[in-house]
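Asks: mind looking at a prediction? Sequence and model below.
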Amino acid sequence: MATIARTSARVFYYARNVVRDVVPQALFRRRLTARLEQATLSDEAARRRLNYYNKLRDGFAPSANAVRISKLPFTPTMYYYDLKEFARYFDPGLLIDVEFGDVRDVPKVPTIVKDRPIRDDDENAVIMKLDKFRHFQMPADTISFADKLPMVVWRGDLNNPIRTRFLQAVRDLPFCDAGSHKPNAPAEYAKPFLSISQHQRYRYIVSLEGNDVATNLKWILNSKSLCLMPRPTYETWFAERQLEANVHYVPLDPDFADLGEKVRYFERHPAEAERIIAAANAYCRKFSNERDEQAISLLVLYKYFALSGQIEPDPELWRFIES
């Protein structure tokens, strides 16, 4: 259920992007050189992130299914607007392979995606910050760990076996408030909807992947609650692969049999829980620098177009990318 603030933010998101689409796009293209020069002022961490999202090293040719920037698919709308926000700085005739939605496998050709499976041969999945209005919602949490309810909470759609297995494992645990708020949820798992702020009242919040990544993971790690989850198998712009077990989150076994043991441990050792929470919060902060986020986004696309042979890379900028 959307709050008034969230609804207002959604209206602003669409209004801003509609305006960007109707103004002469040449205005953005004239600013590309200046924006890229500014991007080279980014620090080493930003350069590492660029080359993490875009791992391509060799030249390639766009596929027969590639589309021109001027013809990017308009649906899902938020994917279109989030990619167009930065693609509009480049020549509208440049070709780009895109795959919107939940990506379950690595594309066969270099492709712009929102997410990719965590595996070694993932170079063709070039990550951009897509569907960010949904995935990068990270509201502040004002309740200290000590003042939260000493319980576990989870809500979500039962759209994969992992989530059903979790509810089966915890259904009889008195310290767990877990279930699905979806209308199609089986009666034994049905629970009322909880907002993010209502989740934040609990000390322990479980994050479970759905069709790909867990949408709630970012705001959990940005909260003062402790995140418990199995090791991630997909990643987005949030670079879930780089999250470390027992550093940023508490790992759970695939059968969730260790959930009670983990909760009892951190109830006895709250300082350790707060250490993990602090590290998780610090991890989230690197996504809050909007200048870096924009610079990295432009550079991801610049590297893609340069390696596809569609633009001649500036030597100084390319040294920054490859250094």
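Replies: Okay, I see it.

Asks: show me what the helix or strand hosting N51 is packed up against.
Replies: Using DSSP states H and E, N51 falls within helix 44-53. Helix 44-53 sits against helix 290-307, helix 315-322, with contacts defined as 3 or more CB pairs under 8 Å, 6 or more residues apart in numbering; DSSP states H and E. Bear in mind the C-beta positions are built from the backbone N, C-alpha and C, glycine included.

Asks: buried stuff in the lengthiest strand in the chain?
Replies: Scanning the chain for the strand with the most residues, using DSSP state E, yields strand 149-155. Within strand 149-155, the residues that qualify as buried are 151-155, counting by 16 or more other CB atoms under 10 Å.

Asks: now, the most widely separated pair of these?
Replies: M151 and R155 (13.2 Å; CB to CB).

Asks: quick one on the thing from earlier: which stretch among the helices and strands packed on helix 44-53 comes nearest Q242?
Replies: So among the helices and strands packed on helix 44-53, helix 290-307 is nearest, using CB to CB, at 14.6 Å.

Asks: who's in contact with the longest strand of the chain?
Replies: The contact list for strand 149-155, computed with CB atoms under 8 Å, 6 or more residues apart in numbering, reads 166, 170, 173, 175-181, 191, 193-194, 199, 201-206, 208, 228, 259, 263, 267.

Asks: mind listing the strands that strand pairs with, and their directions?
Replies: strand 176-179 (parallel), strand 202-206 (parallel) (DSSP bridges).

Asks: after it, next one along is what?
Replies: Following strand 149-155 toward the C-terminus (DSSP H and E): helix 161-170.

Asks: check the offset of that next one from the chain's centre.
Replies: Between the centre of helix 161-170 and the centre of its chain there are 24 Å (CA atoms, centre = their mean, to the nearest Å).

Asks: how about that helix: buried residues?
Replies: For helix 161-170, by 16+ other CB under 10 Å, it's 163, 166-167, 169-170.

Asks: likewise stretch 268-275?
Replies: For stretch 268-275, by 16+ other CB under 10 Å, it's 273-274.

Asks: pLDDT of that stretch, averaged?
Replies: The predicted model assigns stretch 268-275 a mean pLDDT of 98.

Asks: swap in stretch 111-124?
Replies: Stretch 111-124 comes out at a mean pLDDT of 97.

Asks: mind listing what's buried in that stretch?
Replies: In stretch 111-124, counting by 16+ other CB under 10 Å, buried: 111-117, 122-124.

Asks: adding secondary structure, write those out as a markdown table.
Replies: Below are the buried residues of stretch 111-124 laid out as a markdown table (DSSP: H, G, I helix; E, B strand; the rest coil):
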| residue | secondary structure |
| --- | --- |
| T111 | strand |
| I112 | strand |
| V113 | strand |
| K114 | coil |
| D115 | coil |
| R116 | strand |
| P117 | strand |
| D122 | coil |
| E123 | coil |
| N124 | coil |
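
Asks: which of those residues sits closest to A34?
Replies: I112 (23.5 Å).

Asks: you'd agree the closest one is up against K303?
Replies: No: I112 is beyond contact range of K303, at 11.6 Å (criterion: CB atoms under 8 Å).

Asks: could I get the full set of helices for this protein?
Replies: 4-22, 26-29, 32-39, 44-53, 77-87, 132-135, 161-170, 196-199, 217-221, 259-268, 270-285, 290-307, 315-322 (DSSP state H).

Asks: for R68, grab the count of nearby residues.
Replies: Per other CB atoms under 10 Å, the neighbour tally for R68 reads 14.

Asks: for it, which non-adjacent residue is spatially closest?
Replies: Distance criterion CB to CB, 6 or more residues apart in numbering; nearest residue to R68, sequence neighbours excluded, is G93 at 5.5 Å.

Asks: what's the neighbour count on the one you found?
Replies: Neighbours of G93 (other CB under 10 Å): 10.

Asks: contacting residues around the residue nearest to D314 when sequence neighbours are not counted?
Replies: Nearest non-adjacent residue to D314, counting by CB to CB, 6+ apart: L36, 7.4 Å away. Listed by CB under 8 Å, 6+ apart, the contact partners of L36 are 298-299, 302, 314, 317.

Asks: look up how far R29 lies from L36.
Replies: 12 Å (CB to CB, to the nearest Å).

Asks: can I see the domain layout of this structure?
Replies: Annotated domains of the chain cover 4-135+288-322, 145-285 [automatic domain parsing].

Asks: what is the end-to-end distance of the first one?
Replies: Counting by CA to CA, to the nearest Å, you get 45 Å between the two ends of domain 4-135+288-322.

Asks: cool, stretch 151-163 as well?
Replies: 18 Å.

Asks: rounded mean pLDDT for it, please.
Replies: 96.

Asks: what's the farthest-apart pair in the contacts of L36?
Replies: Going by CB to CB, the pair spanning the contacts of L36 furthest: L298 and D314, at 12.8 Å.

Asks: more crowded one of those two?
Replies: L298 (21 against 16).

Asks: in a markdown table: the buried residues of strand 149-155, plus distance to D97.
Replies: Output for the buried residues of strand 149-155, formatted as a markdown table (distance: CB to CB, whole Å):
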| residue | distance to D97 |
| --- | --- |
| M151 | 46 |
| V152 | 42 |
| V153 | 40 |
| W154 | 36 |
| R155 | 36 |
